[in-house]
Each structure stands twice: as structure tokens, then as C-alpha cells.
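In: what's the 3D shape of this:
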Amino acid sequence: MNTSTVTEFILLGFPLLPDLHRIFFVVGLFMYIIAIIGNGCIPIIVAFIPRLQTPMYIFLSNLAFLEMCYTTTVVPKLLQALLETRTTICFYCCMAQNFFHFTLGTTELFIITAMSFDRYLAICKPLRYPMIMTNNVCIQMSLATWYGGFIIMIFQLPILWTLPFCSSNVIDHFYCDFGPMLSIACADTTPSQLLELLSSILFILSTFSLNILSYVFIISTILRIPSALGRKKAFSTCVSHLIVVSILYGALIFVYVRPSVLHPSPGTRVVAVLNTILTPMLNPFIYTIRNTEVKEAVRSAIHKKRWTLKEGI
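Out: As a prediction, the model looks like this:
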């Protein structure tokens with residue numbers, strides 16, 4: 001049972017460079033809007049263009065929808081912290097933010113891993129791929145990633161929920177992160193810190209290893225393709241995903257896979273900003289602007305629509 005006497009928390013946000021906070025707010029708001037619009041367009045494009053309704057783009061639609069939710073759990077409070085000198089969040093709101101942020105973050109790791117496995121099958125097992133990765137299997141895998149993220153975090157929520165917060169209510173961060181919250185608890189948090197570290201190592205490093213293993217097989221298969229054009233085409237289908245994997249896991253390992261996460265340094269805070277707003281903003285550009293198949297499908301759909309309208313006239 002929670003014995004906390006704290007009813008709200010104060011988020012310190014970014015105490016450095018206060019004179020630039022309004023500029024940061026404008027930049028952050030712009031990036032947030034772009035992230036929402038960009039990721040929102042991906043499921044719509046996939047839903048309306050049958051040519052893109054394949055496992056690869058079903059996974060991508062899941063990732064895009066997740067990115068919209070993921071960035072929304074943190075960025076509004078971040079923007080508020082840049083405008084106000086004192087940003088508060090109620091106790092239960094803080095717990096909810098923590099739960100959804102890490103649930104969606106864990107789900108993202110599973111979706112990214114599923115996408116790597118999909119690319120492995122498509123490139124390394126092309127003849128068996130249509131039989132293995134059907135749309136039904138893809139949908140079931142997508143649902144499993146969401147379900148897995150929820151189940152994992154529902155068992156970790158009591159770590160924070162049951163801790164007493166009876167003295168300081170100032171969280172040295174711009175959102176309700178595990179480490180800064182553990183640092184102000186009125187109890188011995190060593191077991192909680194150990195569990196948090198072990199969870200980070202288990203889910204971050206294990207999924208990262210699976211992604212790397214998939215790409216070891218993928219790259220070795222691509223290098224054996226005799227045609228230079230064939231190698232280029234095969235590699236182009238997975239290079240976008242490899243970029244996202246590198247950015248995402250680089251940030252997560254830097255922030256969470258370390259002995260002490262109680263007091264975030266300015267460096268970890270900056271990386272956390274990049275992970276919660278920059279990466280969701282870049283994903284649509286990485287996956288669509290650089291993707292020839294998506295651009296050709298969109299052009300074809302627009303051309304077909306124009307032709308239909310002319311015929312109607």
C-alpha cells in the first residue's frame with residue numbers, strides 16, 4: 001500500500017540556460033507537430049494504398065502510431081517546463097506518465113525487433129518468406145508486441161507505486177523517470193535500482209542483440225548477391241531500419257544501461273530529449289522520404305486519383 005504524503009511533484013526540467021527556454025519551446029513545439037503529422041501520415045498512407053499493405057509496412061504503421069503516443073506522454077510537460085518557472089504534476093499523473101512512457105518504450109523495442117526479423121526473412125529466406133510472414137502472422141506479432149510491453153510494465157509499476165514519498169517532491173528531470181523518482185523516495189531503493197538496471201539490461205541489450213544478429217545474417221546474405229544492383233536494392237530495403245536501430249539503442253544504452261540512474265547528468269537529459277522528440281520526428285523521414293517504394297506508391301496513387309477525376313469530368 002502506498003504511504004506517500006506527496007500529492008504532486010515538481011519537475012525541474014532544464015534549469016540551465018533559462019534565457020533560451022522560449023526559443024527551445026518554439027523549436028520543441030515545431031518538432032512535436034512534425035512528429036505527430038509525419039507519423040500520423042504513415043498509417044493513413046498504408047491503409048489507403050493496397051500496394052503497401054505488406055508485413056513490412058504493417059509493422060511500420062504500428063511503429064508510427066506508437067511514436068505519436070510515446071512522444072505525447074512526455075513532450076507536452078516538457079514544453080510546459082520551458083514556459084513556466086515551476087512545473088508541477090499530480091502524483092497519479094506522474095505514475096501514469098511513467099507507466100505509459102516505459103510501456104510504449106518497451107513495446108517499441110519489440111516492434112523494432114519484429115521489423116528486423118521481418119527483414120531477415122525477406123532477404124535471407126525469400127522463397128519461404130510469403131509462407132512464413134503472412135499478414136495474419138504479422139498482425140499477431142504486432143499485437144504481441146503491444147501486449148508484451150503492457151504485461152512487462154504492469155508488473156514493474158508497483159516498484160514506484162509502493163514507495164513512500166514523504167520529504168522532497170522535486171524530480172530532477174523533465175518527466176517522471178525511474179531514476180530521479182527513486183532518488184527522492186523515503187526508503188532504501190537499492191533493490192529497486194538493481195531491478196531497474198537488470199530490466200534495462202534484459203530488455204534493451206537482449207533486443208539489441210537480436211537486431212544485431214538479424215543484420216549480421218542480412219549483410220552476409222547481401223554480400224553474396226552476385227549483382228551489384230541486386231545488392232544495392234536489397235540493402236536499401238533495410239538501411240532505414242538500421243539507422244533507426246542505431247539511434248534508438250545508442251540513446252537507450254547511454255541513458256539506462258549504467259550502474260546509477262538516480263541523478264541524470266545534463267548529457268543524459270539531452271539524450272533523453274533526443275530520444276523522446278527528435279527520433280519520433282525523424283522516423284517518418286527515414287522510413288518514407290528515403291524509401292523509393294513508398295514514394296512510387298504515393299505517386300502512383302495520386303496519378304490514379306487524378307486520372308479518375310478527369311475521367312469523371
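
In: all helices of the chain, in order?
Out: Secondary structure of the chain (DSSP state H): helices at 21-48, 55-72, 75-83, 91-124, 129-132, 135-161, 178-182, 190-200, 206-223, 228-256, 266-273, 279-284, 292-312.

In: measure how buried the residue lying closest to Arg119 once chain neighbours are set aside is and give me the count.
Out: Closest residue in space to Arg119, ignoring its immediate chain neighbours: Cys238 at 4.6 Å, by CB to CB, 6 or more residues apart in numbering. For glycine as for every other residue, the C-beta is placed from the backbone atoms N, C-alpha and C. Using other CB atoms under 10 Å, Cys238 has 23 neighbouring residues.

In: and if you look at Leu127?
Out: 6.

In: in JSON lines: the helices of the chain, plus distance to Pro15.
Out: Formatted as JSON lines, the helices of the chain follow (distance: least, CB to CB, whole Å):
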{"stretch": "helix 21-48", "distance to Pro15": "10"}
{"stretch": "helix 55-72", "distance to Pro15": "23"}
{"stretch": "helix 75-83", "distance to Pro15": "10"}
{"stretch": "helix 91-124", "distance to Pro15": "19"}
{"stretch": "helix 129-132", "distance to Pro15": "52"}
{"stretch": "helix 135-161", "distance to Pro15": "23"}
{"stretch": "helix 178-182", "distance to Pro15": "13"}
{"stretch": "helix 190-200", "distance to Pro15": "24"}
{"stretch": "helix 206-223", "distance to Pro15": "32"}
{"stretch": "helix 228-256", "distance to Pro15": "19"}
{"stretch": "helix 266-273", "distance to Pro15": "9"}
{"stretch": "helix 279-284", "distance to Pro15": "24"}
{"stretch": "helix 292-312", "distance to Pro15": "42"}
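
In: which of those helices has the lowest mean pLDDT?
Out: Lowest mean pLDDT of these: helix 292-312, a mean of 62.

In: contacting residues for Arg269?
Out: For Arg269, the contact set (CB atoms under 8 Å, 6 or more residues apart in numbering) comprises Phe14, His173, Phe174.

In: quick one, what contacts the last one?
Out: This points to Phe174. With CB under 8 Å, 6+ apart, Phe174 has these contacts: Leu11, Leu12, Gly13, Phe14, Val74, Lys77, Leu78, Ala81, Arg269, Ala272, Val273.

In: select, out of the helices of the chain, the one closest to Asn169.
Out: Closest of the helices of the chain to Asn169 is helix 91-124, at 8.7 Å (criterion: CB to CB).
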